[in-house]
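In: Task: produce atomic coordinates for the following.
(chains A, B and C)
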Amino acid sequence: MVRRPSTPTAQLALFFLFLLLLSPAMSTAKRPRLRQPCKTLVLYFHDIIYDGRNAANATAAIVAAPVWANRTILAPLNHFGDVAVFDDPVTLDNNLHSPPVGRAQGLYLYDRKSIFTAWLAFSLVLNSTDYRGTLNLLGADPLMNKTRDISVVGGTGDFFMTRGIATVMTDAFEGEVYFRLRLDIKLYECY
Amino acid sequence: MVRRPSTPTAQLALFFLFLLLLSPAMSTAKRPRLRQPCKTLVLYFHDIIYDGRNAANATAAIVAAPVWANRTILAPLNHFGDVAVFDDPVTLDNNLHSPPVGRAQGLYLYDRKSIFTAWLAFSLVLNSTDYRGTLNLLGADPLMNKTRDISVVGGTGDFFMTRGIATVMTDAFEGEVYFRLRLDIKLYECY
Amino acid sequence: MVRRPSTPTAQLALFFLFLLLLSPAMSTAKRPRLRQPCKTLVLYFHDIIYDGRNAANATAAIVAAPVWANRTILAPLNHFGDVAVFDDPVTLDNNLHSPPVGRAQGLYLYDRKSIFTAWLAFSLVLNSTDYRGTLNLLGADPLMNKTRDISVVGGTGDFFMTRGIATVMTDAFEGEVYFRLRLDIKLYECY
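Out: The predicted structure follows:
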């Protein structure tokens, strides 16, 4: 019979059809996805907070504080309750005076009385020859740890719809006026 | 021999198996995904900020400001450091008096001394015959640009788990008291 | 002829190739994904807001308020405009004195004059035998509703890149000083 040889083939075909039907289900939820970033970036951002004397240079200012504190000097008890708004230059290396490739804009706050820890919500607004677009970030920043991971929750432009992780390191600080953060950004969802 | 004809078939089958094994890897990371939105919405939201005289109508209020400013009048230097909390009516057209389909709730802040630019984090809480659910948004709003893109980072209800982009336009403003934003929302991940 | 039997097979193969080519397109956008969570957690968090007398116990403080209010007592008009920064203990049951498995850190604000409603942006920083990592959350909290859904927009550590929904319930409150939220967290994207 002419149809005979196709029988094992048809079985194979059905098996593949079954696999294919399975595959959309696999692509959500529990499937272990690859942990290889689709894009990586290293950026530095430089924060100079207003302290009553540096209005010309300051890139951040305390805008909210608990009732026992003021907005010129960071609060006692590990700055608990201070909220700062910032627009910080972003550079490709650790030099404050390097040409900025963008700005980091948003807010940070200090959220604990007993230890020094912060929380960040901001956008990286990049505008360079390499990248034009924004990344939106959010997360806890327990700044006594050498590295802290926060979430990249979205992006626009060259970073359209991306998601990922930014590993934050305090690269330097000078008293309570200047700090520099290094961000190792690893995007795991790219479009 | 009866197995002969199945040999090229088996090779094809192996080739497809290989493709299938590849496909989960392709579905993360670098694979270029379609940029067709799965859902689009156009919404307007209307913000009337408290200025000391309009308590009855105001839908937003300055709640934080740098030490050199107060909370009744928007701060000098492009409002740098002002944080406003808002609960603004959302409409389907540009008329403040149209029946609202929901509320925009959250905060915005002005983050730069040298130019006029803002940052937004808020939820669209929709409750109409068409949509019941929330969208959560985040992003930089350089409001001197005609259009700005922010991220839709999540949703609930009818917008369960969605992600996307909202293109923000300043549709109108009256002095420093009223502004109207148009949001062109394009969702690229729907469930 | 020896090639004859392979013809229907080749056709089938082409059909599968076509399906395979289709499949990346299917995996974005409109495809209905499974609504089965890949991970669930139930957590409680306990918020004691500073009221001028409880400095030792307080885990939260009002840091911003509209001009007509102060930072010791929650504002009139349903606390409209109050912003609180918090670092609240997180437990596995509803007992404030159970050993914490982590902290909830971030901010909440009250955003409406006419009814009692809030907005949340915070991180769950978990550090227990079961979980080590963070979840980042965002969303409207219309707290007069029995349950409210907010978005889990990202995660790190054991919650690497996760997304999902947290259903928030007010589990208890004592006057305006203490409240306890129950979070039913359902993650729909796991890695």
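In: which SS class is A:N95?
Out: coil (DSSP: H, G, I helix; E, B strand; the rest coil).
In: Could you check how far it is from chain C?
Out: For A:N95, the distance to chain C equals 29 Å [CB to the nearest CB, to the nearest Å]. Just so you know, the C-beta spots here come from the backbone N, C-alpha and C atoms, and that holds for glycine as well.
In: Could you give the number of residues near that residue?
Out: A:N95 sits with 11 neighbouring residues when counted by other CB atoms under 10 Å in any protein chain shown.
In: go on, the one 5 residues further on?
Out: Neighbour count for A:P100, taken as other CB under 10 Å: 19.
In: thinking it is in contact with A:D87, fair?
Out: No. Taking contacts as CB atoms under 8 Å, A:P100 lies outside contact range of A:D87: 10.9 Å.
In: mind listing what A:D158 touches?
Out: A:D158 is in contact with A:L126, A:Y131, A:R132, A:G133, counting by CB atoms under 8 Å, 6 or more residues apart in numbering or on different chains.
In: go on, A:S114?
Out: A:L77, A:N78.
In: So it: helix, strand or coil?
Out: Applying three-state DSSP: A:S114 is coil.
In: Just the pLDDT at the closest residue to A:Y131 other than its chain neighbours, thanks.
Out: Take A:Y131 and drop its neighbours on the chain: the residue closest to it by CB to CB, 6 or more residues apart in numbering or on different chains is A:D158, 4.9 Å away. Per-residue pLDDT puts A:D158 at 97.
In: quick one: A:P142 from A:L120, how far?
Out: To A:L120, A:P142 is 11 Å away according to CB to CB, to the nearest Å.
In: Name whatever forms a beta bridge with A:A104.
Out: Note on A:A104: beta-bridge partners A:D88, A:L124, judged by DSSP bridges.
In: Tell me which helix or strand the closest residue to chain B within chain A sits in.
Out: Chain A approaches chain B most closely through A:G154 (2.7 Å), counting by CB to the nearest CB. If you go by DSSP states H and E, A:G154 is part of strand A:148-157.
In: what does A:L126 give?
Out: Per DSSP H and E: strand A:118-127 holds A:L126.
In: C-terminal to that strand, what's the next element?
Out: Taking DSSP H and E, what comes next after strand A:118-127 is strand A:132-141.
In: and that following strand with chain C, contact?
Out: Yes. Using CB under 8 Å from any CB of the partner chain as the criterion, contacts between strand A:132-141 and chain C involve A:L138, A:G139, A:A140.
In: How far does stretch A:133-153 sit from its chain's centre?
Out: Using CA atoms, centre = their mean, to the nearest Å, the mean C-alpha position of stretch A:133-153 is found 5 Å from that of the whole chain.
In: List the buried residues in it.
Out: Using 16 or more other CB atoms under 10 Å in any protein chain shown as the test for burial, stretch A:133-153 gives A:133-143, A:148-153.
In: swap in stretch A:51-59?
Out: For stretch A:51-59, by 16+ other CB under 10 Å, it's A:D51, A:A58, A:T59.
In: thinking again about what came up before, looking at the contacts of A:D158, spot the one nearest chain C.
Out: Comparing the contacts of A:D158 against chain C with CB to the nearest CB places A:G133 closest, at 18.2 Å.
In: Could you give the bridge partners of the closest one?
Out: Applying DSSP bridges, one finds that A:G133 bridges with A:L126, A:G157.
In: What is the end-to-end distance of stretch A:87-99?
Out: Separation of the first and last residues of stretch A:87-99 by CA to CA, to the nearest Å is 15 Å.
In: Redo the contacts of A:D158 as TSV? Include pLDDT.
Out: Listed next are the contacts of A:D158 as TSV, based on pLDDT from 0 to 100:
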residue	pLDDT
A:L126	98
A:Y131	96
A:R132	97
A:G133	97
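In: quick one: which of these is most hemmed in?
Out: Most surrounded of those: other CB under 10 Å gives A:L126, at 23 neighbours.
In: confidence score at the residue in chain A positioned nearest to chain C?
Out: Chain C sits closest to A:S151 of chain A, with a gap of 2.7 Å, by CB to the nearest CB. The model reports A:S151 with a pLDDT of 98.
In: Surely it and A:T162 touch.
Out: No. Contact criterion CB under 8 Å: A:S151 and A:T162 do not qualify, at 11.4 Å.
In: if we can go back for a sec, so how many other residues sit close to the residue of chain A closest to chain B?
Out: 31.
In: how about the spatially closest residue to it that is not a sequence neighbour, what does it touch?
Out: In space, A:G154 comes closest to B:S151 once its chain neighbours are excluded; the distance is 2.7 Å by CB to CB, 6+ apart. Applying CB under 8 Å, 6+ apart to B:S151 gives the contacts A:N136, A:V153, A:G154, A:G155, A:T156, B:L137, B:L138, B:G139, B:R163, B:G164, B:I165, B:A166.
In: who does B:S151 bridge with?
Out: B:L138, B:I165.
In: what residue ranges in chain A score low on pLDDT?
Out: Within chain A, the ranges that satisfy pLDDT under 70 run A:1-34.
In: tell me the helices in it, going along the chain?
Out: A:6-26 (DSSP state H).
In: Who are the contact partners of A:G154?
Out: Per CB under 8 Å, 6+ apart, neighbours of A:G154: A:L135, A:N136, A:M161, A:T162, A:R163, B:L138, B:G139, B:S151, B:V152, B:V153, B:R163.
In: make it 7 Å
Out: Taking CB atoms under 7 Å, 6 or more residues apart in numbering or on different chains, we find A:G154 in contact with A:N136, A:M161, A:R163, B:L138, B:S151, B:V153, B:R163.
In: And A:L41, by the same measure?
Out: A:I185.
In: For the contacts of A:G154, name the two members farthest from one another.
Out: With distances taken as CB to CB, the most widely separated pair in the contacts of A:G154 is A:M161 and B:L138, at 13.3 Å.
In: circling back: can you give me the angle the strand holding A:L126 makes with strand B:148-157?
Out: 130 degrees (axes from the mean of the first three to the mean of the last three CA atoms, to 10 degrees).
In: now what about strand A:118-127, what contacts it?
Out: A:43, A:90, A:101-111, A:132-141, A:143, A:150, B:119, B:121, B:139-140, C:105-106, C:121, C:123.
In: C-alpha coordinates for that strand, PDB please?
Out: C-alpha atoms of strand A:118-127 as PDB (Å, rounded to 0.1, in the frame of the first residue of the first chain):
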ATOM      1  CA  ALA A 118      17.700  54.000  50.800                       C
ATOM      2  CA  TRP A 119      15.000  53.400  48.200                       C
ATOM      3  CA  LEU A 120      15.200  54.600  44.600                       C
ATOM      4  CA  ALA A 121      12.700  55.400  41.800                       C
ATOM      5  CA  PHE A 122      14.200  57.200  38.800                       C
ATOM      6  CA  SER A 123      14.700  57.300  35.000                       C
ATOM      7  CA  LEU A 124      17.900  57.200  33.100                       C
ATOM      8  CA  VAL A 125      17.400  59.700  30.200                       C
ATOM      9  CA  LEU A 126      20.200  58.900  27.800                       C
ATOM     10  CA  ASN A 127      21.000  61.000  24.900                       C
END
